[in-house]
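Got a predicted model here, sequence first, then my questions.
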Amino acid sequence: MNTKASERESIGQSRNKQIAACLRLGFIMIITAFSFSLFGSLQNVEQSLYSLSPKEEMIPPHSLHWLLNFQEGLLQARDQDKPLLAVFVGLPWCPWSEKIQREVLEKNDFIEELKEQFILVFLNLPEEGGKHDDLRERFGIEELPLFLLLDPQGRLIAKVGYLPKPSSEFAAHIHKLYRSYSELKEVVEGDTLSSLSQEGLKSLYLKAKEGGFEGFKDKLSLAGLKDGAALFFLLEQYRHYAEKGQQGSKEALAVRKKILSCDPQNKQGGWRSLALLDFDALSKKRSKKKKHIQAALNPLIAYVKKYGKEDPENLWKMEML
């Protein structure tokens, strides 16, 4: 009996040891798995911290191709005689900036298309200012995202806001913009400007206007206004005042007088253009008061009364307004 009891006790102890060993092994496996999981999580957190830097320091992928310092970009542009493309975004507080980051800046084809010809600069602006305020003021940055295209000397060529284009088309748009600028520069700063006809100047002016090349617009406008009968450029000059709400200023009224003198019978549509410019300027006040609505309509009403019968082609358009 004692022998059997001893055997049972021995077997029981052996089983207990096996169970204990299994429990220890299971515990070790759990701890090991937890450690790997924790390590992986910490590693992911660490990677996230590096890839998602503080708001003002966030950078896009392909960071090797982007400079994060505007002054450094200017120096490289000058040294390498390349134009500079600076993108200003507001991450993560601006949804349109996040959209352009995701749909354009993160795409390989966008970088590949531009990295050879342009010096690329990426700047993230905080929501409440305090960083890059000098650049905000210098370039009149009011909305984000914004691309600034500058020549190798740091002079502003054009501004490009958000465009609903895929990355490859966006890059192509930047290339086209710079080509247009280069072509215009050759003419505007060359010796042939004074010999161009009014139609030639007008064509170049519209091209400069489309590209947002304000400096070229001004030079072409001055060249066009040398001809006293330059109705198109006089209207553009008046448009400049009207868009600022200054159509009643002394300068604007003087330009208006010249327009009516150039086209006294509305043969070239000068009176019609003035009526539309005045209507646009007055309607932008967006007041729902009856007197303001009437004031905006008065230029069109006056034109229709004076020239409506002689201008049936445009009469219905004005009546639709």
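Happy to help now that I have it. Since the structure is predicted, the reported quantities are computational estimates derived from the model, not experimental observations.

Tell me the helices and strands packed up against the helix or strand containing residue 304.
Applying DSSP states H and E as the criterion places residue 304 in helix 290-307. Helix 290-307 is packed against helix 270-283, helix 312-320, with contacts defined by 3 or more C-beta pairs under 8 Å, 6 or more residues apart in numbering; DSSP states H and E. C-beta coordinates here come from the backbone N, C-alpha and C atoms, glycine included.

the inter-axis angle of the first one versus helix 290-307?
Relative orientation of helix 270-283 versus helix 290-307 (axes from the mean of the first three to the mean of the last three C-alpha atoms, to 10 degrees): 170 degrees.

what's the span of stretch 96-113, first residue to last?
Using C-alpha to C-alpha, to the nearest Å, the gap from the first to the last residue of stretch 96-113 comes to 22 Å.

residues of that stretch that come out buried?
Judged by neighbour count using 16 or more other C-beta atoms under 10 Å, the buried positions of stretch 96-113 are 97, 100-101, 103-105, 107, 110-111, 113.

In strands only, show me the residues you listed.
Using DSSP state E, no member of these sits in strands.

which one of these is nearest residue 90?
residue 97 (4.7 Å; C-beta to C-beta).

is it true that that closest one touches residue 146?
No. At 9.4 Å, residue 97 does not count as touching residue 146 under the criterion of C-beta atoms under 8 Å.

So which residues of the chain form strands?
84-89, 119-124, 146-150, 156-160.

now these in a markdown table, with mean neighbour count, distance to residue 282 and mean pLDDT?
Shown next, in a markdown table, are these (neighbours: other C-beta atoms under 10 Å; distance: least, C-beta to C-beta, whole Å; pLDDT from 0 to 100):
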| stretch | mean neighbour count | distance to residue 282 | mean pLDDT |
| --- | --- | --- | --- |
| strand 84-89 | 23 | 34 | 96 |
| strand 119-124 | 23 | 39 | 94 |
| strand 146-150 | 22 | 30 | 96 |
| strand 156-160 | 19 | 27 | 93 |
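
Redo those strands as JSON lines? Include distance to residue 233.
Shown next, in JSON lines, are those (distance: least, C-beta to C-beta, whole Å):
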{"stretch": "strand 84-89", "distance to residue 233": "32"}
{"stretch": "strand 119-124", "distance to residue 233": "36"}
{"stretch": "strand 146-150", "distance to residue 233": "26"}
{"stretch": "strand 156-160", "distance to residue 233": "21"}
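
what's the closest of those strands to residue 258?
Per C-beta to C-beta, nearest to residue 258 of the strands of the chain: strand 156-160, 30.1 Å.

tell me what the closest one is packed against?
On a contact count with 3+ C-beta pairs under 8 Å, 6+ apart, strand 156-160 meets strand 146-150, helix 167-188.

now for those, which one comes closest to residue 264?
helix 167-188 (32.4 Å).

quick one: buried residues of the closest one?
Within helix 167-188, the residues that qualify as buried by neighbour count (16+ other C-beta under 10 Å) are 167, 170-172, 174, 177-178, 180-181, 184, 187-188.

What's the end-to-end length of stretch 110-119?
With C-alpha to C-alpha, one end of stretch 110-119 sits 13 Å from the other.

what does that stretch rub up against?
By C-beta atoms under 8 Å, 6 or more residues apart in numbering, the residues outside stretch 110-119 that reach it are 62, 65, 67, 73, 76-77, 80, 82-85, 104, 120, 167-168, 170-172, 174-175, 178.

Swap in 10 Å and give it another go.
60-62, 64-67, 72-80, 82-86, 103-105, 107, 120, 149-150, 152, 166-172, 174-175, 178 (C-beta atoms under 10 Å, 6 or more residues apart in numbering).

Ok, stretch 128-143 next?
When contacts are taken as C-beta under 10 Å, 6+ apart, the neighbours of stretch 128-143 outside the stretch itself are 55-57, 70, 86, 88, 90, 93-94, 96, 123-126, 146, 148, 150, 156, 159, 161-162.

how about low-confidence regions in the stretch 201-321 of the chain?
Applying pLDDT under 70 to the predicted model, the residue ranges of the stretch 201-321 of the chain that meet it are 228-229, 285-290, 312-321.

the helices in the stretch 1-150 of the chain, which residues?
Using DSSP state H, counting those that start in this stretch, the helices of the stretch 1-150 of the chain run over residues 2-51, 70-80, 95-100, 108-114, 133-139.
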